[in-house]
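Colleague: What follows is a predicted structure for the sequence shown.
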Number of protein chains: 2
Amino acid sequence: MLERLRIVLIGTSHPGNIGGAARAMLNMGLADLALVAPRCQVQCQESASRASGADALVASASVHETLEEAVADCSLVVGCSARSRNLPWPMITPRAFGATLADEARLPDARVAIVFGREDSGLSNEELQRCHRHVHIPTNPDFSSLNLAAAVQVLAYECRQAWLADQEAAGETPRAEDDQPFGIDWDSPLASHADLERLFEHLEKTLISVDFLDPEQPRQLMARLRRLYLRARPDSMEINILRGILSAVDKQVRLAQADTANRTS
Amino acid sequence: MLERLRIVLIGTSHPGNIGGAARAMLNMGLADLALVAPRCQVQCQESASRASGADALVASASVHETLEEAVADCSLVVGCSARSRNLPWPMITPRAFGATLADEARLPDARVAIVFGREDSGLSNEELQRCHRHVHIPTNPDFSSLNLAAAVQVLAYECRQAWLADQEAAGETPRAEDDQPFGIDWDSPLASHADLERLFEHLEKTLISVDFLDPEQPRQLMARLRRLYLRARPDSMEINILRGILSAVDKQVRLAQADTANRTS
């Protein structure tokens, strides 16, 4: 499980923090470090001093130009962030994240990245929007900014605790699953069942009209789409957007049909 | 509860660690720092730099000649230690220690000290034997020595978690939500980050071509769609379906454009 975890540091500007993060990782049994566009020298006296024996991990770190490149093979990307910005995103605590890790790591080809931002400005909105979830370390609201290596320490510690708990629990029955909302105040209310059904009805009609769904041989297409959207638990604004897209597509279909009619007439 | 906790550092030799410990404490809402026979300057450029705004806590630290003096008023003294030495001593994990804190703090005049040893040699046997309990941070047995400030970070974090849990239990804050994966065997592997990015790229192009997305005024449309699909964690078959739908729509758009071209020609 721990070998499927990657720590990604974006735009780090202090070599000491890279060394400190590597030491924290190795202390907790993590060994996959990726650096995105570091703004400092990676291997130097300062990073080696803070790494204090974990310098081989610093030396083995992969270096990337973009976050995309660093997490291209990852099935779950979690961004470490303060409380969410203008657009709320699914948010979990480090402990809750740890609790999901064992199941996550059992998925085939699972690879999980935890992404940490710059010392001065954290992760950009664009970077945060590439993450499935955001993880927030609960801190004193009057002094909330953790040192980068300290934040890596807390997350790596929780991952190791989860790994130890999973090993202890081996043989026991799995926990019952709860269904959870997103863990933070959301900006729009969740869509109602009826909203969702109207979406699926509209979607089905449009898919038939663009010749993607054959009503004679529907197979499991609509079921798969239902599962996808239901899993996401869309809010009402998202439903409006999706229906707006369908209406825009319907308009193109009408134009295309007019064209076909013109040609055949 | 947190105000009854004291962090005691014995014989610290790096001012940066004092600053880092102070920052970790203040991040987690602790404010009582005691230094026993420090082997370095306490207030200096290096400690201020690592304290990064918590320098008032460094300045307010009490300085003592002996451990005895530093914990004289404490009802519970816990020593942070590697696995116990020649004489076994009651040993707890940081999490188990946190779990006892709320009850401990309700005792009249309770004051709890967590004691950390020297960077090079930890706590002496004599010092360890002045502690009610030893607390051991579970680490990688092949690389077990945590940085001093990182160890303070882990313990302070567990204390804050315990405090938050105690407040939740008292109904003062809403419960933190857990996040769950799908909870059952899944039929397709999860999509990779790269698959998802290709989907978003395709989606954006198609939305522009059906006049739903104005590249001059994109607002938060793509961010909202990213949030929706990332939340659902699409599997690779779902990605194929969604891209198939987009291609079918693209075809209609081409037909519609051909129509417009015919009419204007």
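Modeller: Looks like it came in fine.

Colleague: Could you confirm whether stretch A:199-216 reaches chain B?
Modeller: Yes: judged by C-beta under 8 Å from any C-beta of the partner chain, stretch A:199-216 comes into contact with chain B at A:207, A:210, A:211, A:212. For glycine as for every other residue, the C-beta is placed from the backbone atoms N, C-alpha and C.

Colleague: number of nearby residues for the first one?
Modeller: Look at residue A:207: counted by other C-beta atoms under 10 Å in any protein chain shown, it has 24 neighbours.

Colleague: So it is in contact with residue B:245, correct?
Modeller: Yes: judged on C-beta atoms under 8 Å, residue A:207 makes contact with residue B:245 at a distance of 6.7 Å.

Colleague: Could you list the buried residues of the helix or strand that contains residue A:104?
Modeller: Per DSSP states H and E, residue A:104 falls inside helix A:94-106. Residues of helix A:94-106 classed as buried by neighbour count (16 or more other C-beta atoms under 10 Å in any protein chain shown): A:94, A:95, A:96, A:97, A:98, A:99, A:100, A:101, A:102, A:103, A:104, A:105.

Colleague: what does stretch A:114-126 give?
Modeller: A:114, A:115, A:116, A:117, A:118, A:119, A:122, A:123.

Colleague: Torsion angles phi and psi at the second one?
Modeller: Summarising the backbone geometry of residue A:115 under the convention degrees, to the nearest 10, its torsions are phi -110, psi 130.

Colleague: Same check on the fifth one?
Modeller: Dihedral angles of residue A:118 (phi, psi; degrees, to the nearest 10) stand at phi -70, psi 150.

Colleague: quick one: contacts for it?
Modeller: Counting by C-beta atoms under 8 Å, 6 or more residues apart in numbering or on different chains, residue A:118 touches A:10, A:11, A:12, A:13, A:39.

Colleague: so which two of these are the farthest from each other?
Modeller: For these, the farthest-apart pair by C-beta to C-beta is A:10 and A:13; their separation is 10.7 Å.

Colleague: Which one's more surrounded, these two?
Modeller: Neighbour count, other C-beta under 10 Å: between residue A:10 and residue A:13, residue A:10 has more, with 23 against 13.

Colleague: is that one in a bridge, and if so with what?
Modeller: Taking DSSP bridges as the rule, residue A:10 bridges to residue A:36.

Colleague: these two touch, right, it and residue A:120?
Modeller: No: counting by C-beta under 8 Å, residue A:10 does not reach residue A:120; the two are 11.8 Å apart.

Colleague: closest point of chain A to chain B, which residue?
Modeller: Closest approach between chain A and chain B, counting by C-beta to the nearest C-beta: residue A:259, at 3.0 Å.

Colleague: what's the burial count for that residue?
Modeller: When counting by other C-beta under 10 Å, one arrives at 20 neighbours for residue A:259.

Colleague: Excluding chain neighbours, what is closest to it?
Modeller: The shortest distance from residue A:259 to any non-neighbouring residue, by C-beta to C-beta, 6 or more residues apart in numbering or on different chains, is to residue B:259 (3.0 Å).

Colleague: That neighbour is in what secondary structure piece?
Modeller: helix B:236-264.

Colleague: can you check residue A:225 too?
Modeller: Residue A:225 is part of helix A:221-232, with elements assigned from DSSP H and E.

Colleague: Give me the contact status of that helix with chain B.
Modeller: Yes: interface with chain B: helix A:221-232 contributes A:221, A:224, A:225, A:228, A:229, A:231, A:232 (C-beta under 8 Å from any C-beta).

Colleague: Likewise for stretch A:145-162?
Modeller: Yes: using C-beta under 8 Å from any C-beta, stretch A:145-162 reaches chain B at A:145, A:146, A:147, A:149, A:150, A:153, A:154, A:157, A:160, A:161.

Colleague: for chain A, which spans come out with low pLDDT?
Modeller: Within chain A, the stretches with pLDDT under 70 are A:83-87, A:171-185, A:264-265.

Colleague: 80 instead?
Modeller: In the predicted model, chain A carries pLDDT under 80 at residues A:75, A:82-90, A:106-109, A:170-187, A:190-194, A:227, A:230-231, A:233, A:259-265.

Colleague: Among the contacts of residue A:118, which one lies nearest to residue B:199?
Modeller: Each of those was scored against residue B:199 by C-beta to C-beta, and residue A:10 proved nearest at 22.8 Å.

Colleague: how near is that closest one to residue B:193?
Modeller: Distance from residue A:10 to residue B:193, counting by C-beta to C-beta, to the nearest Å: 14 Å.
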